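Colleague: I would like to see how this sequence folds:
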Amino acid sequence: MSSSLDAFITRKHIAYFSMELAVRPEMHTYAGGLGILAGDTARSCADLGIPVVFVTLLSRAGYFRQAIDADGRQTEQPDWWEPERWCSPLNAMVAVDIEKKPVWIRPWLYVHTCPHGHQIPILFLDTDLDQNGEDDRTLTHYLYGGDEAYRLRQEIILGIAGIRILQALGFAPHTYHLNEGHAALLTLDLLNRLRVAPEELIAGEPPYDIAEARARCVFTTHTPVEAGQDRFSYELFERLLPGFIDLDALKRLAGDDRLNMTRLALNLAGYVNGVARRHAETTEHMFPGYRIHAVTNGIHPGTWTHPAFAQLYTAHLPHWQHEPEILVRALQLPEDEIWRCHESAKGDLIQQVKESTGVALDPDIPILGFARRMTGYKRPLLLFEDLDRLVDLASRRPFQVVLAGKAHPQDADGKEAIRQVYELARRLSGKVTCVFLPDYDMRLAMTLVAGADVWLNTPLPPLEASGTSGMKAALNGVLNLSVLDGWWIEACIEGVTGWSIGHDGDGAGQHATALYDQLDHAVLPLYAADPARWRWMMKQAIGNIAYYFNSQRMMRRYATEAYLR
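Modeller: Residues are numbered from 1 along each chain as shown. Below is the predicted model of the structure:
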C-alpha cells in the first residue's frame, strides 16, 4: 500500500459510490452525464478540501466506441484503455461470494490533485485477476454492458465489494454517498454489520439497526425515467447472493415483486435529494411518502472553461476557479473581450467539424449545438419536425446545426434517431448545414459546449432530471435555448440569460412550434441585427449562471446539509 494512500486514510470520512466517473478523457470510465457529474464532484472535493474517497468500477473496455456508417447506422466497439498509464494497483484484495464461489476484487488508485495542491483518492474496482475464472475476470470490463445478471453482478461488486475494499484499506467512513441506485447493495452489507442483538429483537421487526444505517447513508437520485430504475428478480438475487440478507426484510425495503434499487436506497438513506428543484418535486410524485431534498447540479468551472475564457477570467477575477461565485462580476467584463474569446472557442469547434466530417462551417453564421445521450425523451429530432418551416427560417436567417451523442447499444429508438439525423442532413444539404460528430466523449463535449453560439435542449418534461451541458455552455458565454425543465427553470431569465421553448406546463405537442417561433422572432434576428445586445446577453449568461450553477456550490451544500447532519 502506498504511503500516499496512508495519508488519505487518516482524513477521508465520506465515501462516494458511483457506477461511472469521468476523471479524464483518456480514462473511459464514464458513459454520460452521471459520470461527468461524479468527476466534477471529485474535482470540487479536491478544490474545497472535502474529505471524500471515491469508489467506482475500472471499466477497462469503457462504455463503447461509436462508429457511424454513411447511412447513419451506429455500431459499437469496446473502448479499451490502459489503467497502468494513470492508476496504481493496490496490494489489497477482497472477495465476494457470488453464486457460492468467491469473486476477487482489487482496487486501482488514481489521485486527483487540484491546482492548489489538495488531493482526493479515487478507487477503481477490478476483477481481471488470476484468482478469478474467465467469466468473472470480465465483470468490471464493460460499463452498462451484458444482461440483467451481468448488471447485478456489477452492482454487487460496486456496493458490497466497494464497502469491503474501504474496510480492507483502513478507511472508516461515517457517511456513504450513493450517486444513483447502482451502489444500493452496500446498504445490505452495512445492515449485516448492524445486526440487532438477539435479546433486543422486537417481534415482527427486521433483525437490523435500520436507523443507524439510514444515519450513515446519503442517496442522490438522478432519473425520473422509469427505465432508469434498476430492478432485479428476487430469484436472480437469491441465486447470486443466497442467504446474504433476510429476504422478508429485503422485500419490505426494496419492493414485494422485484428488487428495486431506487426504493432500497430511498428506504436506507437518511438524506435523499434530487438534482434540481423540479426533479425533486417529480421524484416525490413518483415515490409518495419520501422527503426529497433538492440540490441542483453544478459543473466544475476549471474543467469546462475554454482556455481563452479561462485566461480572461484569470486576468480580471484571479480566484474564479476556487470561488466561482466571483464570476458574478463577469457582468463588468469588456464585451469585446468576451466576443474575442468566443471567436477562439468557435474556431476550435469549426476546426473539429472539418477534421471529423470534412464540412466547412461558416464562422459568421450562428451554430446551434445539440449534444447529449441519444434517447427518446431527449427528443433530438424536435428541431426537424417541420422541415418546410426550418428551411424557410434558414433562407431568411441562415444558421448551422452541429449534433453529437451516443445511443445505448440496446436503444433501438436512439439508434434510429441518429440514422434519421443523417438522412435529414442529406435532405437539407444546400439549405441548412447540419452535421453529426461521431464518438461523443468528454473531449468533444468541451469543444462543443464552448464553440456553439446557441445551446439547444429539447427534453420531454418532466423527464429531464437536471442537465448540465447548458451550464457548461453558459460558462463560456453560449446562450441557452431550452424547454423549461430540469435546471433551466431555475436559470432562465427570458431574453437575458437565454430563451425558453414555450412555457412551463405546455404540452409536448406545442414545443416544436414554440422552438421555431423563438428562432424566428428572437434568437436569429438578434444575432444578425443586434450584435451588441447579443454580446450583452453572453455576459449576462456568465454572470447570472456560472456564478451559481457550479460544483463548488453544489458540494458546499452537500457538505453542510447531507454530510454534517
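
Colleague: quick check, residue 107 in a strand?
Modeller: Yes - under DSSP: H, G, I helix; E, B strand; the rest coil, residue 107 sits within a strand.

Colleague: From residue 91, how far out is it?
Modeller: 10 Å (Cβ to Cβ, to the nearest Å). Every C-beta, even on glycine, is put in place using the N, C-alpha and C of the backbone.

Colleague: So for those two, which sits in the more crowded spot?
Modeller: residue 107 (27 against 10; other Cβ atoms under 10 Å).

Colleague: That one: what's it in contact with?
Modeller: 89, 90, 92, 123, 124, 125, 126, 165, 169 (Cβ atoms under 8 Å, 6 or more residues apart in numbering).

Colleague: The stretch 151-300 of the chain: helices as residue ranges?
Modeller: 162-169, 186-193, 210-215, 234-240, 247-254, 261-267, 277-286 (DSSP state H, counting those that start in this stretch).

Colleague: Now tell me what touches the second one from outside.
Modeller: Where contact means Cβ under 8 Å, 6+ apart, the residues beyond helix 186-193 that reach it are 17, 158-160, 162-164, 176, 178, 208-210, 213, 216-217, 244-245, 249-250, 264-265, 268-269.

Colleague: Just give the number of residues close to the residue nearest to residue 181 when sequence neighbours are not counted.
Modeller: Counting by Cβ to Cβ, 6 or more residues apart in numbering, residue 261 is the residue found nearest to residue 181 once chain neighbours are left out, at 3.6 Å. Residues lying near residue 261 (other Cβ under 10 Å) number 25.

Colleague: and residue 140, what does it touch?
Modeller: 57, 58, 59, 60, 105, 125, 126, 127, 128, 154, 157.

Colleague: And it, which helix or strand is it part of?
Modeller: Residue 140 belongs to no helix or strand when assigned by DSSP states H and E.

Colleague: Would you mind measuring from residue 398 to residue 406?
Modeller: For residue 398, the distance to residue 406 - Cβ to Cβ - is 29 Å.

Colleague: the more surrounded of those two?
Modeller: residue 406 (26 against 17).

Colleague: close enough to count as contact, that one and residue 63?
Modeller: Yes - using Cβ atoms under 8 Å, residue 406 makes contact with residue 63 at a distance of 7.3 Å.

Colleague: Next, show the common contact partners of the two.
Modeller: 31, 32.

Colleague: show me what contacts the closest residue to residue 301 other than its chain neighbours?
Modeller: Once flanking residues are discounted, residue 301 sits nearest to residue 324: 4.6 Å by Cβ to Cβ, 6+ apart. Listed by Cβ under 8 Å, 6+ apart, the contact set of residue 324 reads 301, 546, 547, 550, 552, 553.

Colleague: List of residues touching the helix or strand containing the fifth one?
Modeller: Under DSSP H and E, the secondary-structure element containing residue 552 is helix 551-557. With Cβ under 8 Å, 6+ apart as the contact definition, helix 551-557 has outside contacts at 37, 40-41, 43-45, 47-48, 50, 295-301, 322-325.

Colleague: Give me the subset of the contacts of residue 107 lying in helices.
Modeller: 165, 169 (DSSP state H).

Colleague: How many residues are close by residue 189?
Modeller: Neighbour tally, residue 189, other Cβ under 10 Å: 20.

Colleague: So for it, what pLDDT did the model give?
Modeller: Note for residue 189: predicted pLDDT of 96.

Colleague: how close does residue 430 get to residue 332?
Modeller: Using Cβ to Cβ, one gets 44 Å for the distance from residue 430 to residue 332.

Colleague: Correction: the previous question concerned residue 168.
Modeller: Relative to residue 332, and taking Cβ to Cβ, residue 168 is found at 52 Å.

Colleague: can you give me the strands in the stretch 101-250 of the chain?
Modeller: 101-113, 119-126, 175-179, 217-220, 231-233 (DSSP state E, counting those that start in this stretch).

Colleague: So for residue 313, which of those sits nearest?
Modeller: Of all these, strand 101-113 sits nearest to residue 313, with 21.0 Å by Cβ to Cβ.

Colleague: Do me a favour and average the pLDDT over the closest one.
Modeller: Mean predicted confidence for strand 101-113 is 97.

Colleague: For it, list the C-alpha coordinates in CSV.
Modeller: Output in CSV follows, covering the C-alpha atoms of strand 101-113 (Å, rounded to 0.1, in the frame of the first residue of the first chain):
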residue,chain,number,x,y,z
LYS,A,101,-18.0,-19.0,-5.3
PRO,A,102,-15.5,-16.2,-4.4
VAL,A,103,-15.0,-13.4,-6.9
TRP,A,104,-11.9,-11.4,-6.1
ILE,A,105,-11.7,-7.7,-6.5
ARG,A,106,-8.6,-5.5,-6.4
PRO,A,107,-8.6,-1.7,-6.4
TRP,A,108,-6.5,0.7,-8.5
LEU,A,109,-5.7,4.1,-7.1
TYR,A,110,-6.0,7.3,-9.0
VAL,A,111,-5.1,10.5,-7.2
HIS,A,112,-6.6,13.8,-8.4
THR,A,113,-4.6,16.9,-7.4
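
Colleague: List the neighbouring strands of that strand plus their orientation.
Modeller: Within its sheet, and counting by DSSP bridges, strand 101-113 is paired with strand 88-89 (antiparallel), strand 94-98 (antiparallel), strand 119-126 (antiparallel).

Colleague: Run a quick neighbour tally on residue 57.
Modeller: Based on other Cβ under 10 Å, the number of other residues close to residue 57 is 28.

Colleague: With residue 235 instead?
Modeller: 9.

Colleague: Now do the same for it: its pLDDT.
Modeller: Predicted confidence (pLDDT) for residue 235: 98.

Colleague: and what of residue 3?
Modeller: So, for residue 3, pLDDT stands at 47.
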